[in-house]
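Engineer: Generate a structure from the sequence data that follows.
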Amino acid sequence: MTSTDTAAHSAVRDAVAASADDLLALSHRIHAHPETAWEEERAADWTASALADLGYRVTPGICDLPTAFSATIGSGPLHLALCAEYDALPGLGHACGHNIIAASAVGAAAGLARVADDLGLTVTVLGTPAEEGGGGKILMLERGAFDGMHAAMMVHPGPVDVAEAEPYAVAHLRIDYEGKAAHAAAYPERGRNAADAFTVAQVAIGLLRQQLPHSVRVHGMVTRGGEAPNAIPERTSGRWYVRAGSLEELAAVRPRVERCFEAGALAAGCELSVAHESPPYAEFRTDTDMLGLYRAHAEAVGRTFTPPSAPEARMNRASTDMGNVSRVLPAIHPYLGIGSLPAVNHQKEFAAHCVTPEADRAVLDGATALALTAASLAADPRQRARLTAARTP
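Structural biologist: Have a look, this model is predicted:
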């Protein structure tokens, strides 16, 4: 490491530390006002405003998505993206800790703001809405938000630190059945029971699981089951996820699951509609060089990584639309432990842990490790050449 590298790294650490109070205030503020996918108006505005205060050039509403934004600083030839998520879960608040993700991205941006030009960097923070089922990053990718960028990175909270993301690919299905209502006691024979269609479909899925690969998961919920107990249910709806080890495997197994829903329609005499709530999320392709740098910097600030084979490390299998980004440009998506066990992601108890002192430490450690990773990439001629050659703007 040269003296210039050492000075840049010191400046990054000092800038994150100087911003600590503002970063933690942002994390807690987003956590206290949860907004679900595509509704993150306050969270997006607060995150973008924090970046504007750091000198970033903010463009709100990019890609025709009102709660997306970009914020850029520097003019160097190596262009790195930091992804900020800030959507919450319906009924559970920030039970996946996206408040930590947003604050860590802003913290990394703070660390890089004053050294970007010196390092030959352009840094862009992308505010990415609707990770929880909406596929915000996929739409942003398709609409050009990542054009001209050479690599992308972010962190995600979990019970423990895990270095490498290994998420399932996933399809998000909206299922609707339409039958015919009738009085359930007086004229049941005149009805076509749309709730029965779901019952048959779920039994069929349960039987299908015996023949599915171990890398496949199928799960869902009925969101509308009928209108009154004395009326044959005429319309029912549900949301179902099909997960697999890759997009290719997903394409092979999804039709088999959809045929289970078709069986329900056939048996109950109902009409079936299957819609996709978002484009499929892809598996993740980790850039091992970037991850090695992140891991070294994270360990230097005191993080300890849990082996991915450990049961408590399984958050690294959770699907993410960052997987689609990783198929286009080099990317990393490591996990920050917040000491929540036995609480795990998507539990209310985990949401409560996302504003504890250990979660606050994760915000600052994640910000520091991300920013130092970016600085190390910029300072290494081999890495600069590799990234710019891999994806020429």
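
Engineer: make it CA atoms for all contacts and neighbour counts henceforth
Structural biologist: Fine.

Engineer: any chance you could map the helices in the stretch 201-350 of the chain?
Structural biologist: Per DSSP state H, counting those that start in this stretch, the stretch 201-350 of the chain has helices spanning 247-268, 288-300, 322-326, 348-353. These are given in chain order.

Engineer: mind putting those in TSV, mean neighbour count included?
Structural biologist: Shown next, in TSV, are the helices of the stretch 201-350 of the chain (neighbours: other CA atoms under 10 Å):
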stretch	mean neighbour count
helix 247-268	18
helix 288-300	18
helix 322-326	25
helix 348-353	20
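
Engineer: closest one to residue 64 among these?
Structural biologist: When the helices of the stretch 201-350 of the chain are compared by CA to CA, helix 322-326 sits nearest residue 64, at 18.5 Å.

Engineer: can you pull out the strands in the stretch 51-200 of the chain?
Structural biologist: 57-60, 69-74, 78-84, 121-127, 151-153, 156-158, 169-178 (DSSP state E, counting those that start in this stretch).

Engineer: returning to what we had before: between the helices of the stretch 201-350 of the chain, which one is nearest to residue 77?
Structural biologist: helix 288-300 (17.8 Å).

Engineer: And for that closest one, what's in contact with it?
Structural biologist: 163-164, 331-332, 334, 365-366, 368-370, 372-373, 376-377 (CA atoms under 8 Å, 6 or more residues apart in numbering).

Engineer: and if we set it to 6 Å?
Structural biologist: With contacts defined as CA atoms under 6 Å, 6 or more residues apart in numbering, helix 288-300 is touched by 369, 373.

Engineer: now swap in stretch 106-117 and tell me
Structural biologist: By CA under 6 Å, 6+ apart, the list of residues contacting stretch 106-117 from outside reads 12, 15, 16, 74, 76, 367, 370, 371.

Engineer: mind listing what the third one touches?
Structural biologist: By CA under 6 Å, 6+ apart, the contact set of residue 16 is 107, 110, 111.

Engineer: what about it, which helix or strand?
Structural biologist: Element membership for residue 16 (DSSP states H and E) is helix 3-18.

Engineer: any idea how far the next helix or strand after that helix is from the chain center?
Structural biologist: Downstream of helix 3-18, the next assigned helix or strand under DSSP H and E is helix 20-32. In terms of CA atoms, centre = their mean, to the nearest Å, the centre of helix 20-32 is found 19 Å from the chain centre.

Engineer: Mean neighbour count, the strands of the stretch 51-200 of the chain: which tops it?
Structural biologist: strand 156-158 (a mean of 29; mean count of other CA atoms under 10 Å).

Engineer: and of the helices of the stretch 201-350 of the chain, who's closest to residue 24?
Structural biologist: Closest among the helices of the stretch 201-350 of the chain, using CA to CA: helix 348-353, at 13.8 Å.

Engineer: can you pick the most crowded of the contacts of stretch 106-117?
Structural biologist: If you count neighbours using other CA atoms under 10 Å, the busiest of the contacts of stretch 106-117 is residue 367, which has 33 neighbours.

Engineer: OK, contacts around residue 240?
Structural biologist: With the criterion set at CA under 6 Å, 6+ apart, residue 240 makes contact with 173, 219, 220.

Engineer: Which positions are bridged to the last one in the beta structure?
Structural biologist: When bridges are taken as DSSP bridges, the partners of residue 220 come out as residue 240.
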